[in-house]
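Student: sequence isn't available, so here's the structure alone:
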């Protein structure tokens, strides 16, 4: 159900800016959407993006950024087709997509299976003003972020998603994109905030796939040894990025938490929407369709409650 933007209200400065953009108010500040990934944990963000679309607010966004599996949600949100996007996520839930029985033979996650589902339900942009679609990937040899954009058709979008979701070990090797070898942008920026701000957006609305208190913490000894053993076989800067990712993720989560409390450089510029602590979450490799649908519904509630819808 679409709720007219003029009936919504909030005291949050980022959400107020988004409402102003959606209402067409002259001089309203630019707002970008940043979507966290996390495998199928992104179902929570998909529900939030669906709610924004149903509330008529997606058109008020200037750009939508996706990291890792957040790139899938970003593609459908930017196209104005989140109804199809959530169905793709649900359809993905199968042993064709995730199978630990493939360990040692090929990737646990079959991203090509997901991309075939995307081709069956392509995120073709609807008519009218649409946000710019952008995806984050990282250069394998220099460890620097790339913003992928300017997709002209479905196959270009699919190629971008494949690069943005090239998760070391889990979903196979790095991907050749143009003249570069790219991997999952979530290794450097799991929650797209710094990049949208650096690219000129005045505000960022960050959609979290986990609750705001979630932290990765230090790697366990056994897990760390196993991860290091696998990562030694990976090219370029990827092994280092894998080792550094937990601390980098936690530092970003802390910065967002400070902003939520009105402190730090992001205060007033960035707002995160996250499920309340204790909300049942979907694991990154969880293919239970009931849990995925429940997370989508929970994500919708987060947005509606934030906007009084």
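Tutor: Great, that's in hand. Just so you know, these numbers come straight off a predicted model, no measurement behind them.

Student: look at residue 272 and give its secondary structure.
Tutor: strand (DSSP: H, G, I helix; E, B strand; the rest coil).

Student: what about it, neighbour count?
Tutor: Neighbour count of residue 272, defined by other CB atoms under 10 Å: 21. The way it works is simple: take the backbone N, C-alpha and C, and place the C-beta from them, glycine included.

Student: bridge partners for it, pull those for me.
Tutor: residue 206 (DSSP bridges).

Student: touching, it and residue 208? I think so.
Tutor: Yes: counting by CB atoms under 8 Å, residue 208 is a contact partner of residue 272 at 5.5 Å.

Student: intersection of neighbour lists for these two?
Tutor: residue 191 (CB atoms under 8 Å, 6 or more residues apart in numbering).

Student: who are the packing partners of the longest helix that the chain contains?
Tutor: Ranked by number of residues, the top helix in the chain under DSSP state H is helix 238-260. The helices and strands touching helix 238-260, judged by 3 or more CB pairs under 8 Å, 6 or more residues apart in numbering; DSSP states H and E, are helix 221-231, strand 270-273.

Student: could you rerun that using 10 Å?
Tutor: Under the contact criterion of 3 or more CB pairs under 10 Å, 6 or more residues apart in numbering; DSSP states H and E, helix 238-260 touches strand 180-184, strand 203-207, helix 221-231, strand 270-273.

Student: figure out how far that helix is from the centre of its chain.
Tutor: 15 Å (CA atoms, centre = their mean, to the nearest Å).

Student: over to stretch 100-113?
Tutor: 22 Å.

Student: quick one: contacts for the residue nearest to residue 267 when sequence neighbours are not counted?
Tutor: Excluding the flanking residues, the one nearest residue 267 by CB to CB, 6 or more residues apart in numbering is residue 259, at 4.7 Å. Residues near residue 259 by CB atoms under 10 Å, 6 or more residues apart in numbering: 14, 193, 204, 206, 265-272.

Student: now do residue 60
Tutor: Counted by CB under 10 Å, 6+ apart, residue 60 has contacts 5, 17-25, 28, 30-31, 33, 52, 129, 131.

Student: give me that answer again for 8 Å
Tutor: Here residue 60 is in contact with 5, 18-23, 31 (criterion: CB under 8 Å, 6+ apart).

Student: show residues contacting the one helix or strand residue 43 maps to.
Tutor: Here residue 43 is covered by helix 43-54, with elements defined by DSSP states H and E. Defining contact as CB under 8 Å, 6+ apart, one finds that helix 43-54 is touched by 1-3, 33, 35-36, 58, 70, 73, 76-77, 80, 82-83, 85-86, 89, 207-210, 273, 275, 279, 281-282, 291-293, 295-304, 309.

Student: for the chain, what spans make up the strands?
Tutor: In the chain, the segments counted as strands under DSSP state E are 31-35, 63-67, 132-139, 145-148, 175-177, 180-184, 203-207, 270-273.

Student: what is the mean pLDDT for the helix holding residue 43?
Tutor: What helix 43-54 shows for mean pLDDT is 98.

Student: do stretch 97-106 as well
Tutor: pLDDT averaged over stretch 97-106 gives 79.

Student: how about that stretch: buried residues?
Tutor: Buried positions in stretch 97-106, judged by neighbour count with 16 or more other CB atoms under 10 Å: 97-99.

Student: repeat that for stretch 285-305.
Tutor: In stretch 285-305, counting by 16+ other CB under 10 Å, buried: 286-287, 291-296, 298-304.

Student: and if you look at stretch 107-118?
Tutor: 107-111, 114-115, 117-118.

Student: can you name the residues in contact with it?
Tutor: 39, 72, 75, 88, 91-92, 94, 96-100, 102, 154, 157-158, 161-162, 165-167, 169-172, 285.

Student: and those residues, which are buried?
Tutor: Buried among the contacts of stretch 107-118 (16+ other CB under 10 Å): 39, 72, 75, 88, 92, 97-99, 157-158, 161-162, 165-167, 169-172.

Student: what about those residues, which are in helices?
Tutor: Here DSSP H is the test, and the buried ones among the contacts of stretch 107-118 give 72, 75, 88, 92, 157-158, 161-162 as lying in helices.

Student: dump those to JSON lines, plus pLDDT.
Tutor: Shown next, in JSON lines, are these (pLDDT from 0 to 100):
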{"residue": "72", "pLDDT": "97"}
{"residue": "75", "pLDDT": "98"}
{"residue": "88", "pLDDT": "98"}
{"residue": "92", "pLDDT": "96"}
{"residue": "157", "pLDDT": "97"}
{"residue": "158", "pLDDT": "97"}
{"residue": "161", "pLDDT": "97"}
{"residue": "162", "pLDDT": "96"}
